[in-house]
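K.L.:
Predicted model and sequence follow; I will ask about them next.
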Amino acid sequence: MDKIHDIAVLVGSLRKDSINRKVANVLAEVAPEGLKLSIIEIGQLPIYNQDGDENPPAEWTAFRERIRSADAVLFVTPEHNRSVPAALKNALDVGSRPYGQSAWSGKPGAVVSASPGGIGGFGANHHLRQSLVFLNVPAMPQPEAYIGGADKLFDAQGKLVNDGTRKFLQNFMEAFGSWIAANGKS
């Protein structure tokens, strides 16, 4: 990869000791040369309300500009009630408005879901993909990434201790790099 691709990473969990943030950090560690991952914070975004479109809060404007400047987006999320957490849905809404001015449009994307449960956030992963279709984010179809039992994969310092998972995530990021090259803007 000749170009450095700026990847905006959105973590659906706001918890201080978030499993998904730990996964996002590992993804940044194992990403191939040429992919620079940066976590974009979403917890500070005021709830989207169309009444704010004419005079948007500064947080909305900064977030939209940051998403627009990224070459691609990577979502790392837990599952809440078979869907994405409210903070992540709010970030999608903030970035997609005002209507016709979506910051997401055309950005190659990928989704990783992680959960202590056995199905690894499958419902959230697929529900998010449904929104990404509407937002015109071409989401990488394969490999899919549902990380079950994720609470057992890290030590007390938050370091990944499972070599099989590390290799899987490394392969995922290599595939994502190829996806960005094939679907991104030059």
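P.N.:
Received, thanks.
K.L.:
Which parts of the protein are helices?
P.N.:
19-30, 58-69, 86-96, 122-134, 163-183 (DSSP state H).
K.L.:
Surely Ile119 and Gly149 touch.
P.N.:
No. Ile119 is beyond contact range of Gly149, at 10.2 Å (criterion: Cβ atoms under 8 Å). C-beta here means a position set from N, CA and C on the backbone, and glycine is covered the same way.
K.L.:
Show me the beta-bridge partners of the residue nearest to the spatial centre of the chain.
P.N.:
In the chain, the centroid-proximal residue (Cα atoms, centre = their mean) is Phe75; its distance is 1.3 Å. Under the criterion DSSP bridges, Phe75 forms beta bridges with Leu10, Val111.
K.L.:
Tell me which residues touch it, please.
P.N.:
By Cβ atoms under 8 Å, 6 or more residues apart in numbering, the contact list for Phe75 reads 9-10, 12, 88, 109-112, 128.
K.L.:
so which of those comes closest to Arg166?
P.N.:
Closest approach between the contacts of Phe75 and Arg166, by Cβ to Cβ: Val112, at 13.5 Å.
K.L.:
Render the CA-only coordinates of stretch 130-150 in PDB, please.
P.N.:
This file holds the C-alpha atoms of stretch 130-150, laid out as PDB (Å, rounded to 0.1, in the frame of the first residue of the first chain):
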ATOM      1  CA  GLN A 130     -28.600  -2.700   7.400                       C
ATOM      2  CA  SER A 131     -28.100   1.000   8.300                       C
ATOM      3  CA  LEU A 132     -24.800   1.100   6.400                       C
ATOM      4  CA  VAL A 133     -26.600   0.100   3.200                       C
ATOM      5  CA  PHE A 134     -28.900   3.100   3.400                       C
ATOM      6  CA  LEU A 135     -26.000   5.400   4.300                       C
ATOM      7  CA  ASN A 136     -24.100   4.200   1.200                       C
ATOM      8  CA  VAL A 137     -21.200   2.700   3.100                       C
ATOM      9  CA  PRO A 138     -20.000  -0.300   1.200                       C
ATOM     10  CA  ALA A 139     -19.400  -2.700   4.100                       C
ATOM     11  CA  MET A 140     -16.900  -5.500   3.600                       C
ATOM     12  CA  PRO A 141     -18.900  -8.700   3.300                       C
ATOM     13  CA  GLN A 142     -16.100 -11.200   4.100                       C
ATOM     14  CA  PRO A 143     -14.600 -12.100   6.400                       C
ATOM     15  CA  GLU A 144     -17.300 -11.500   9.000                       C
ATOM     16  CA  ALA A 145     -16.200 -10.800  12.500                       C
ATOM     17  CA  TYR A 146     -18.300 -11.900  15.500                       C
ATOM     18  CA  ILE A 147     -16.100 -12.300  18.500                       C
ATOM     19  CA  GLY A 148     -17.800 -14.400  21.100                       C
ATOM     20  CA  GLY A 149     -16.500 -15.000  24.700                       C
ATOM     21  CA  ALA A 150     -14.600 -11.800  24.300                       C
END
